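Participant: need a structure here:
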Amino acid sequence: MSPRNLDASMVKTVRSIAAALLTILLTLTVSARGQGKTAETTVWDKVFTDEQAARGKLSYQSACSDCHMEHLRGDGQAPPLKGEDFAPQWKTVGAFMAAMGSQMPPDKPGGLPFATYCDITAFILQANNYPAGNKELAGSLEELDKILLTPKP
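Facilitator: Below is the predicted model of the structure:
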């Protein structure tokens, strides 16, 4: 084989490899874009049940209402958990629950079971007129951080 034929053969091989790599790269890019387009979940997607909110109301009354009051509007010291001032403070349900779990109740922060914090959150969401559904609010804080607290669509 002459050097000239070797060069032409190498160029053809390099072009074939480059074309194959480009095809793989485009396939991976399209695949990654498809995976990145997940639907966002919001509090309007019925992320708690009425039964869970009812349990949460009982837990709220025993653990939270002394400061945040029965009407959830706070006592001047404790912030309101209901009304137009509630949702804008928090971007996600997970952010709200992380703050609540690390600070409440004041005499024993983090002292309630995680499921109880979920129930109380369901009650607070219901009190703020978010709709109930047929699936309970549950999961890790990371999962709950994917539920956006948004204004009514």
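
Participant: where in the protein is pLDDT low?
Facilitator: Scanning the chain for pLDDT under 70 picks out 1-39.

Participant: what is the end-to-end distance of stretch 42-49?
Facilitator: Start-to-end span of stretch 42-49 (Cα to Cα, to the nearest Å) is 15 Å.

Participant: list the contacts of that stretch.
Facilitator: 41, 87, 93, 121-122, 125-126, 130-137, 147-150, 152-153 (Cβ atoms under 8 Å, 6 or more residues apart in numbering). C-beta: built from backbone N, CA, C; applies to glycine.

Participant: which ones among those residues are found in strands?
Facilitator: Among the contacts of stretch 42-49, the residues falling in strands (DSSP state E) are Thr41, Ile147, Leu148.

Participant: ok, so of those, who is nearest Gly101?
Facilitator: The nearest member of the ones in strands among the contacts of stretch 42-49 to Gly101, counting by Cβ to Cβ, is Ile147 at 15.5 Å.

Participant: so that closest one sits against Phe96, correct?
Facilitator: No. Between Ile147 and Phe96 there is no contact, the gap being 9.6 Å when judged by Cβ atoms under 8 Å.

Participant: domains of this protein?
Facilitator: 1-38, 41-148 (automatic domain parsing).

Participant: please tell me how far the closest residue to Thr150 other than its chain neighbours sits from Pro79.
Facilitator: Nearest residue to Thr150, sequence neighbours excluded (Cβ to Cβ, 6 or more residues apart in numbering): Thr42, at 4.7 Å. To Pro79, Thr42 is 22 Å away according to Cβ to Cβ, to the nearest Å.

Participant: could you do Gly133 as well?
Facilitator: Distance check for Gly133 against Pro79: by Cβ to Cβ, it reads 27 Å.

Participant: also Asn128?
Facilitator: For Asn128, the distance to Pro79 - Cβ to Cβ - is 13 Å.

Participant: which of the two has more residues huddled nearby?
Facilitator: Taking other Cβ atoms under 10 Å, Asn128 and Pro79 do not tie; Asn128 has more neighbours (16 against 13).

Participant: just to check, that one is in contact with Phe86?
Facilitator: Yes. Assessed by Cβ under 8 Å, Asn128 is found in contact with Phe86 at 5.7 Å.
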